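# generate a structure from the sequence data that follows.
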Amino acid sequence: MSRSISRGISAGLVAVLLAACTSSSTSTSTPVIPAGPTGNAILTRIIGVGDSLTAGVQSDSLLGVTISPNPLGAGSPFPFVPNTQGHGYWARIWSQANGGADPLNVAISPLPLIAPPGDGQILLPSSTGSLTSIVASACASQASVATSYATALQSRLNPTTKPLDLGVPGITLREAIVMTGPVAPCGGTGLPASLVPLVGIVNSEDTSFWPVLGNFPQGATQLQDAVSLQPTLSIVWLGSNDLLHFAFSNGVFPQTDPVQFQNDTINVIQTLQRAGSRVVISNLVDVLNAATFTKVGTLPAVFTVQLGAKGVPPATAQALAAQVQAYLLQNYGLGNGAYLILGGAGKVQAAVSAVLTGAAPSINVALSAPAAHLVAGDFVSDATAATTQSLNTAYNVAIGNAATQTGATLVDTHAFTAAIFTAGGLALPGNPKCCSTFYGGGFFSLDGLHPSDTAYALLANNFIATIDTSLGVSIPQLTTAQITAINATDLYSPH
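Numbering: from 1, shown residues only. Below you'll find the model as predicted:
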């Protein structure tokens with residue numbers, strides 16, 4: 001399957017998805033640029049340039065209002081569908097810098113508030129614990145209006161507001177510089193059949209672009225729109241999707257060259273500085289540490305914990321894990337360095353459950369069932385995983401170099417999250433059950449990729465601490481009491 005997709009992509013994906021994203025050289029010289037505002041003036045107009053993390057995506061969706069009651073009713077343990085945008089790290093920073101103002105207040109919100117059912121296919125737990133959604137597909141939610149400049153603002157609660165948070169879910173670093181509108185149709189409609197599965201993985205920027213940036217003139221990029229806002233402080237976090245597109249496509253999506261990545265980062269910083277803004281830029285987390293990825297080599301330990309909670313003896317759990325590992329190696333070439341993505345891990349879990357309940361006589365039989373067959377987007381091969389991690393490291397070096405060359409403030413999100421990943425989580429005062437980095441452990445939302453309410457708040461504090469120290473301002477950090485209160489209503493956190 002992956003080979004046939006690779007052949008189709010080489011001829012089609014770049015032309016379809018990246019037609020507007022041709023490479024261009026950027027000078028690495030550092031011209032003299034005014035330092036920008038100082039003191040409290042730095043906080044006059046704070047903008048966000050980034051992707052889904054800056055936008056505030058959770059559980060595969062962007063939503064600007066809480067939906068109550070949950071349309072799934074008693075079929076879900078969630079009493080309501082939580083908004084996502086109000087919990088984002090950028091929204092928290094803006095609120096703290098503006099006296100605790102509510103980022104969901106339509107009258108004053110700096111966010112492009114997305115109306116129900118949201119942008120994306122919001123994941124919710126069903127009565128059985130499986131994931132479901134209030135929409136049939138991501139393309140069925142807002143796509144009927146989202147990809148047209150003329151109609152996209154119909155998907156917004158505040159259609160006349162020019163947002164300050166310009167984060168576009170799915171956007172890559174280069175796309176933030178050159179993308180001026182949707183490139184591929186939602187769901188791959190009209191594309192060759194071999195491309196459709198992959199387009200569904202990597203084209204969220206196409207359905208999000210106009211709902212976020214539809215208040216700005218056509219023909220402009222996210223970066224140009226940011227400049228037009230005359231920012232005094234620009235918070236930039238880009239590059240995760242350069243890694244995720246490559247990983248989710250199992251290496252089919254083109255790599256971003258680290259040298260180009262550094263040049264593009266310098267371009268973004270200097271463009272904002274020339275507009276009179278101070279610039280804060282974050283490096284990247286190790287994306288393969290996100291809970292949406294399960295390393296094949298860790299399956300014995302994972303099964304021991306997960307199945308042990310259901311009363312399965314450790315020896316039985318480890319034997320099942322070994323059988324799964326052998327099957328994945330023989331049938332898909334996935335060794336211990338490969339990863340199962342959330343959908344693939346779900347198929348494996350269902351197969352194991354079938355064996356434990358007697359519905360299937362063996363792991364081989366269960367995993368051979370059509371419903372358990374792994375397809376594009378279900379796994380990352382050993383080689384692709386190794387390359388992804390190598391690029392992750394190289395991009396962080398590039399971001400650090402760009403910050404040094406331009407005088408931008410660097411937020412070391414990588415170090416902050418690496419310590420949490422190494423420890424397997426962090427202790428939260430008042431809730432000993434939160435927060436582990438394992439799936440369902442409280443650090444991630446239900447997509448296993450985007451942070452929970454609690455984790456976004458912790459990330460916001462890491463940004464604020466660096467901004468205050470580096471720029472000499474006094475944005476209040478979220479207090480322990482505030483974070484405890486956030487966690488108390490965080491549906492993604494165990495309690």
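
# check contacts around N487.
L428, G430, N431, C434, C435, G442, D453, T454, S493 (CB atoms under 8 Å, 6 or more residues apart in numbering). Yep, even glycine has a C-beta here, placed from its N, CA and C like the rest.

# now the buried members of those.
L428, N431, C434, C435, G442, D453, T454, S493 (16 or more other CB atoms under 10 Å).

# just the ones of those residues in helices?
D453, T454 (DSSP state H).

# nearest to V302, out of the buried ones among the contacts of N487: which one, please.
Among the buried ones among the contacts of N487, G442 lies closest to V302 (CB to CB), at 17.0 Å.

# for G346, give its distance to G337.
Separation of G346 from G337 (CB to CB, to the nearest Å): 21 Å.

# sorry, back to before: make JSON lines from the buried ones among the contacts of N487 and add distance to F416 and pLDDT to it.
Shown next, in JSON lines, are these (distance: CB to CB, whole Å; pLDDT from 0 to 100):
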{"residue": "L428", "distance to F416": "15", "pLDDT": "92"}
{"residue": "N431", "distance to F416": "20", "pLDDT": "93"}
{"residue": "C434", "distance to F416": "17", "pLDDT": "93"}
{"residue": "C435", "distance to F416": "14", "pLDDT": "95"}
{"residue": "G442", "distance to F416": "17", "pLDDT": "96"}
{"residue": "D453", "distance to F416": "17", "pLDDT": "98"}
{"residue": "T454", "distance to F416": "14", "pLDDT": "98"}
{"residue": "S493", "distance to F416": "19", "pLDDT": "96"}
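
# export the buried ones among the contacts of N487 as JSON lines, with columns for distance to A418.
Output for these, formatted as JSON lines (distance: CB to CB, whole Å):
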{"residue": "L428", "distance to A418": "19"}
{"residue": "N431", "distance to A418": "23"}
{"residue": "C434", "distance to A418": "19"}
{"residue": "C435", "distance to A418": "16"}
{"residue": "G442", "distance to A418": "18"}
{"residue": "D453", "distance to A418": "22"}
{"residue": "T454", "distance to A418": "18"}
{"residue": "S493", "distance to A418": "21"}
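
# quick check, nearest of the buried ones among the contacts of N487 to T84?
The closest of those, once distances to T84 are taken by CB to CB, is D453, at 9.0 Å.

# might one say that the closest one is in contact with D490?
Yes. Here D453 reaches D490: they are 4.0 Å apart, a contact under CB atoms under 8 Å.

# restricted to strands, list the contacts of N487.
Among the contacts of N487, no member falls in strands (DSSP state E).

# which two from those end up farthest apart in space?
It's G430 and D453 that sit farthest apart of those, by CB to CB, at 14.6 Å.

# in this protein, which helix has the most residues?
helix 382-406.

# break the protein into its domains for me.
2-22+40-67+83-117+138-283+385-488, 293-379 (automatic domain parsing).

# comparing these by mean pLDDT, which bottoms out?
Mean pLDDT is lowest for domain 2-22+40-67+83-117+138-283+385-488 out of the domains of the chain, coming in at a mean of 89.

# quick one: P116 from S76, how far?
15 Å.

# can I assume Q349 sits in a strand?
No. Q349 is assigned helix when assessed by DSSP: H, G, I helix; E, B strand; the rest coil, not a strand.

# not counting its neighbours along the chain, what's nearest A220?
Among residues not flanking A220 along the chain, T180 sits closest, at 6.4 Å (CB to CB, 6 or more residues apart in numbering).

# ok, now which ones touch that neighbour?
A20, Q218, G219, A220, T221.

# tell me which of these is nearest to R278?
T221 (20.9 Å).

# do I have it right that I266 meets Q405?
Yes. Judged on CB under 8 Å, I266 makes contact with Q405 at a distance of 6.2 Å.

# just the buried residues out of the contacts of T180, in PyMOL syntax.
Burial among the contacts of T180 is assessed by 16+ other CB under 10 Å; the matching PyMOL selection reads:
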select buried, resi 220+221
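
# would you reformat the contacts of T180 as CSV and include secondary structure?
Formatted as CSV, those follow (three-state DSSP):
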residue, secondary structure
A20, coil
Q218, coil
G219, coil
A220, coil
T221, coil
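
# P69: neighbouring residues, count only.
12 (other CB atoms under 10 Å).

# give me the nearest residue to it, chain neighbours excluded.
Spatial nearest neighbour of P69, chain neighbours left out: F80 (5.9 Å); criterion: CB to CB, 6+ apart.

# roughly how far does the one you found sit from V212?
24 Å.

# the more surrounded of I266 and Q405?
I266 (23 against 16).

# tell me which residues touch P182, please.
Applying CB under 8 Å, 6+ apart, the residues contacting P182 are T147, E205, D206, T207, F209, W210.

# 7 Å instead, please
T147, D206, F209, W210 (CB atoms under 7 Å, 6 or more residues apart in numbering).

# can you classify it by secondary structure?
coil.

# residues in contact with stretch 439-455?
Looking at what lies outside stretch 439-455 - CB under 7 Å, 6+ apart - the contacts are 52-53, 57-60, 87, 123, 125, 131, 290-292, 342, 425, 428, 434-437, 459, 483, 486-487, 490, 492-494.

# list the buried ones in stretch 79-96?
So, applying 16+ other CB under 10 Å, buried residues of stretch 79-96: 81-96.

# ok, stretch 218-237 next?
Within stretch 218-237, the residues scored as buried using 16+ other CB under 10 Å are 220-227, 229, 231-237.

# and those, which is closest to K310?
Set against K310, the nearest of the buried residues of stretch 218-237 by CB to CB is W237 (38.5 Å).

# the helices in the stretch 101-250 of the chain, which residues?
Along the stretch 101-250 of the chain, counting by DSSP state H, counting those that start in this stretch, helices occupy 138-141, 143-146, 173-178, 196-202, 204-213, 222-228, 240-248.

# report the angle between the axes of the fifth one and helix 240-248?
By that I understand helix 204-213. Interaxial angle, helix 204-213 versus helix 240-248 (axes from the mean of the first three to the mean of the last three CA atoms, to 10 degrees): 160 degrees.

# what packs against helix 204-213?
Judged by 3 or more CB pairs under 7 Å, 6 or more residues apart in numbering; DSSP states H and E, helix 204-213 is in contact with strand 119-120, helix 143-146.

# tell me which of these sits most buried.
Among the helices and strands packed on helix 204-213, ranked by average contacts under mean count of other CB atoms under 10 Å, first place goes to strand 119-120 (a mean of 30).

# what is the rounded mean pLDDT of that strand?
88.

# so what does that strand touch, helix or strand wise?
So strand 119-120, by 3+ CB pairs under 7 Å, 6+ apart, packs with strand 61-62, helix 138-141, helix 204-213.

# partners of that strand, with directions?
strand 61-62 (antiparallel) (DSSP bridges).

# what does the helix or strand that comes right after the strand it pairs with rub up against?
Using DSSP states H and E, the helix or strand that follows strand 61-62 in sequence is helix 89-97. By CB under 7 Å, 6+ apart, the residues outside helix 89-97 that reach it are 43, 46, 48, 53-54, 56, 85, 101, 103, 110-111, 165, 167, 235, 456-457, 459-460, 463-464, 475-476, 478.

# may I ask which helix or strand encompasses S470?
Going by DSSP H and E, S470 is part of helix 453-471.

# what angle separates that helix from helix 89-97?
60 degrees.

# for helix 453-471, buried residues please.
453-464, 466-467, 471.

# what's N289 in contact with, if anything?
Applying CB under 7 Å, 6+ apart to N289 gives the contacts F421, T437.

# residues in contact with the helix or strand hosting V324?
Under the criterion of DSSP H and E, V324 resides in helix 314-332. Residues outside helix 314-332 that contact it (CB under 7 Å, 6+ apart): 296, 299-300, 303-304, 307-308, 334-335, 348, 352, 355, 363-364, 367, 374, 379.
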